[in-house]
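1. Task: produce atomic coordinates for the following.
(2 chains)
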Amino acid sequence: MPNENTLSRRGLFMKLGILFNGLVAAALGVPILGFLLSSVTRGRANAYLSWVPLGPVSEFPEGETRLATFRNPNVMPTDGKTVDTACWVRRVEGEQFQVFAVNCAHLGCPVRWFPQSGLFMCPCHGGAYYRDGSRASGPPERGLFEYATKVQDGLVTIQAGELPTPGASAALVGKKPPCA
Amino acid sequence: MRLIAQIGEWFDRRLQLAAPIREAAEHPVPRNTASWFYVFGSAALVVFLLQLVTGILLAMIYVPSAGEAWSSLQTLNHDVTLGWFIRALHGWGSNFMIAIVLIHMVQVFLFGAYKFPRELTWIIGVFLLLMTLGMAFSGQVLRFDQDAYWGLGIGASIASHVPIIGPAAVKLMLGGPIIAGATLSRFFALHVFVIPGMLIGFVCLHVLMVLKLGINEWPMPGRLVKRATYTSEYHELTKKDGAPFVPYAIWKDMFFAAFILVAVAACAVYFGPFGPTGRPDPTIIQTAPKPDYFFLWLYGLLSYLPPSMETPALLIGPVVVIAFLVLLPFLSGEGEKSWRRRPIAVLTVLLIAVILGTLTHLAGYTPWSPHMNAWSGDPVPAQFLRGTTALERQGALVFQVKQCRNCHSLGDKGGLRGPALDSVAVRLTEDQLIRQVIQGGGNMPAYGKNLSPAETTALVAFLETLHPAGQAPARDASRDTVLREDQEGRPSTQP
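-> Here you go, the predicted model:
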């Protein structure tokens, strides 16, 4: 029996088999990775953001800060109540608005507004912010997250759609802490 | 009887498992390892099995959908027969599992069991600990309530700190731009498929290595581990002073495991299931989210990190800790095993225990958080108002209305964020009080824009009355001099 010949043939098939499986794995890996990372790749270039109305200007008295809620522009049928989001709307004067995310710039807990002392306070780790959103005290590194705002057809409108987090979030401008 | 033996033989002819199982059960262990100190590993395994069983039962009712998870938990708690008990077993089993895994780890560390040749057993144990914590966190997410919702926000905020890929990491974690249906579903996949699958695999490896390498012998002070001689010394020991694991040592494991199961069941019956707390509705912001017990220390630590330290501590801290744990058997793979001769090891364990215990205790009552309702809810104690003037009482009103009380306590009531003000007049003079109120500082917001001059005057007048009866308020000596000079009519030195 020409053993050497048959062995090398088997060896070749073995190697070809490994190669074939590797190619198939790589080919299948592309769609699998594409699926896994879809929430990241879709979000490029602010694809998640759109303009959302909060309500007529007249609902927000001048000089006051009020809680408003809006529905997130990206909704899936299984989302339930989680797509309803709250935000703090401050009407500075006239049509000049500041809209803050409720999420504390420290770790995202919901901050509450205290009109008497003009402060936002966070229940988690005690972050506090002034009425214009700038940092007052506590662990946050920066001021409250602020949505891009405009008044359109008499409606206060914000650009929203992403959970604001302390890491860079392109659409959200934040107040740096005042000079120490 | 003969029939049973025949059936048994029929199966073993095909499975061929009887011999290896008997060999594993009867492998000799050093006699002094049949100890109550050596029962935690098997107890952790038994609680893990309890978690598998109760987890499968819960999955029969639970709906992993952001819209329905919360109500399916209510159904489990109130409508399904004994649903509350299975939830409680799973919740308490989780707490017991973390506790036992930690105790097991401390025991193994103090008994030097991570040294040669059991380095890999220890390293896999470190991964098992991380996976157990991963199960605890993802399990808390599946209890889809307010704490879970905002806890995810905290997780996302921490993930966003990673340089460059931070925002991408957040979207990967949440499965989209916000915490919503996709978030819950992927944590369900992690909690039910991914992590348990890895846990089962790693637990098998972990146990297999304990069987192959033998249980760590009871450490004797002065008996040093040397790579060249350890294996033969260990075999000598098991030959000379060994006994079969079954039944010589295993009865203690069995007793302890049963005791732990009874304890889990007792806690489940007595305390009941965990939550769920309020609905996961992000428009309800009157909530103070808190993590589960074994993450409270982290919650506490996050409030004490200064802003500049936060990113490095969050990103580098875990890497350093995990790297240290993984490298430990390579840093001290030989030498002394006994805790009696390893004072630094013992002190390290004590120090870590004290730090984690203190942070957990503090996170129980969060002294760093303002008391959101103190200004409207806590009365000003009568002793601070007795005999005060109208101006001072006006100041007490300002003190309450401007929410000072949310951070400062009077008579042990109110926030603990700032110092208690019961005797603030002894510490600060009038001028210093005015400056502190208006400009803030030392982690206090500035109130200059929120107080009229009249309000500031009244507030400071009230604060000036806050001193113990026998102790005079702080005074600025230079002010006395100026006042005296004015009274005596001397011309000022200034032109």
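2. Just to check, residue B:132 is in contact with residue B:96?
-> No - using C-beta atoms under 8 Å, residue B:132 makes no contact with residue B:96, being 11.1 Å away. C-beta here means a position set from N, CA and C on the backbone, and glycine is covered the same way.
3. so where's the longest helix in chain A?
-> Using DSSP state H, we find that the single longest helix of chain A is helix A:3-36.
4. Show the average pLDDT along it.
-> Taken as a whole, helix A:3-36 has a mean pLDDT of 89.
5. State the separation between it and the centre of the chain it belongs to.
-> 41 Å (C-alpha atoms, centre = their mean, to the nearest Å).
6. Grab the nearest non-local neighbour of the residue in the stretch 101-250 of chain B that chain A sits nearest to.
-> Going by C-beta to the nearest C-beta, chain A is nearest to residue B:160 of the stretch 101-250 of chain B, at 2.9 Å. With sequence-adjacent residues excluded and distances taken as C-beta to C-beta, 6 or more residues apart in numbering or on different chains, residue B:160 is closest to residue A:167, at 2.9 Å.
7. Could you tell me which residues of the stretch 51-200 of chain B lie near chain A?
-> B:65-68, B:149-150, B:153-154, B:156-162, B:166-168, B:170-172, B:174-183, B:185 (C-beta under 8 Å from any C-beta of the partner chain).
8. Sort out which of those are in helices and list them.
-> Counting by DSSP H, these contribute B:149-150, B:153-154, B:156-159, B:166-168, B:170-172, B:174, B:181-183, B:185 to helices.
9. so the residue nearest to residue B:160 is in which element?
-> Using DSSP states H and E, residue A:167 sits within no helix or strand.
10. just checking, it touches residue B:171?
-> No - counting by C-beta under 8 Å, residue A:167 does not reach residue B:171; the two are 10.9 Å apart.
11. In terms of neighbours, single out the busier of these two.
-> residue B:171 (26 against 21; other C-beta atoms under 10 Å in any protein chain shown).
12. right, and that one touches residue A:40 too?
-> Yes - using C-beta under 8 Å, residue B:171 is in contact with residue A:40, at 4.8 Å.
13. Helix, strand, or coil at the residue nearest to residue B:148 when sequence neighbours are not counted?
-> Nearest residue to residue B:148 in three dimensions, chain neighbours excluded: residue B:141, at 5.1 Å (C-beta to C-beta, 6+ apart). Counting by DSSP: H, G, I helix; E, B strand; the rest coil, the backbone at residue B:141 sits in helix.
14. Please, where are all the strands along the chain?
-> Picked chain A for this. A:50-56, A:65-71, A:84-93, A:96-101, A:112-114, A:119-121, A:128-130, A:135-137, A:145-152, A:155-160, A:173-174 (DSSP state E).
15. that's the other chain; I wanted chain B
-> Going by DSSP E, chain B shows strands at B:28-30, B:242-244.
16. Compare the ones you listed and report which one is nearest to residue A:23.
-> strand B:28-30 (49.6 Å; C-beta to C-beta).
17. Mark out where each domain of the chain begins and ends.
-> Picked chain A for this. A:3-40, A:48-174 (automatic domain parsing).
18. Correction: the question concerned chain B.
-> B:34-223+B:237-365, B:374-488.
19. And chain A, is the shortest one touching that?
-> Yes - part of domain B:374-488 sits near chain A under the criterion C-beta under 8 Å from any C-beta, namely B:375, B:401-404, B:406-407, B:417, B:440, B:443-447, B:449-450.
20. Poorly predicted segments of the stretch 351-495 of chain B, please.
-> B:489-495 (pLDDT under 70).
21. Repeat the analysis, applying 90 as the threshold.
-> B:364-370, B:382-383, B:386-388, B:412, B:440-443, B:448-450, B:467-495 (pLDDT under 90).
22. how about residue A:151, what does it touch?
-> A:57, A:95, A:97, A:157 (C-beta atoms under 8 Å, 6 or more residues apart in numbering or on different chains).
23. is it in a bridge, and if so with what?
-> Following DSSP bridges, residue A:151 is listed with bridge partners residue A:156.
24. And the pLDDT for it?
-> 94.
25. For residue A:76, grab the count of nearby residues.
-> Neighbours of residue A:76 (other C-beta under 10 Å): 17.
26. what's near enough to touch it?
-> B:176, B:180, B:181, B:182.
27. Now that we have these, can you turn them into TSV and tack on pLDDT and neighbour count?
-> TSV is the format used below for these (pLDDT from 0 to 100; neighbours: other C-beta atoms under 10 Å in any protein chain shown):
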residue	pLDDT	neighbour count
B:176	91	27
B:180	94	28
B:181	94	24
B:182	93	21
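28. and the residues you listed, which two are the farthest apart?
-> Longest span within those, C-beta to C-beta: B:176 and B:181, 8.3 Å.
29. Can you tell me which of the domains of chain B is packed in deepest?
-> The highest mean neighbour count among those, using mean count of other C-beta atoms under 10 Å in any protein chain shown, belongs to domain B:34-223+B:237-365: a mean of 18.
30. still on that earlier bit, TSV for the strands of chain B, including distance to chain A and mean pLDDT?
-> Formatted as TSV, these follow (distance: least, C-beta to the nearest C-beta, whole Å; pLDDT from 0 to 100):
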stretch	distance to chain A	mean pLDDT
strand B:28-30	43	93
strand B:242-244	44	92
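31. Which of those sits closest to residue B:293?
-> Going by C-beta to C-beta, the one of the strands of chain B nearest residue B:293 is strand B:28-30, 34.6 Å.
32. quick one on the thing from earlier: now for the residues of domain B:374-488 next to chain A, which pair is the farthest apart?
-> B:401 and B:443 (21.8 Å).
33. My understanding was that residue B:116 contacts residue B:332; is that so?
-> No - with contacts counted by C-beta under 8 Å, residue B:116 stays clear of residue B:332, the gap being 9.9 Å.
34. Which residue is the nearest non-sequential neighbour of residue B:24?
-> residue B:211 (5.3 Å).
35. Give me the distance between the one you found and residue A:60.
-> 70 Å (C-beta to C-beta, to the nearest Å).
36. So in chain B, which helix runs the longest?
-> Longest helix in chain B, counting by DSSP H: helix B:83-110.
37. how far out from the middle of the chain is that one?
-> 13 Å.
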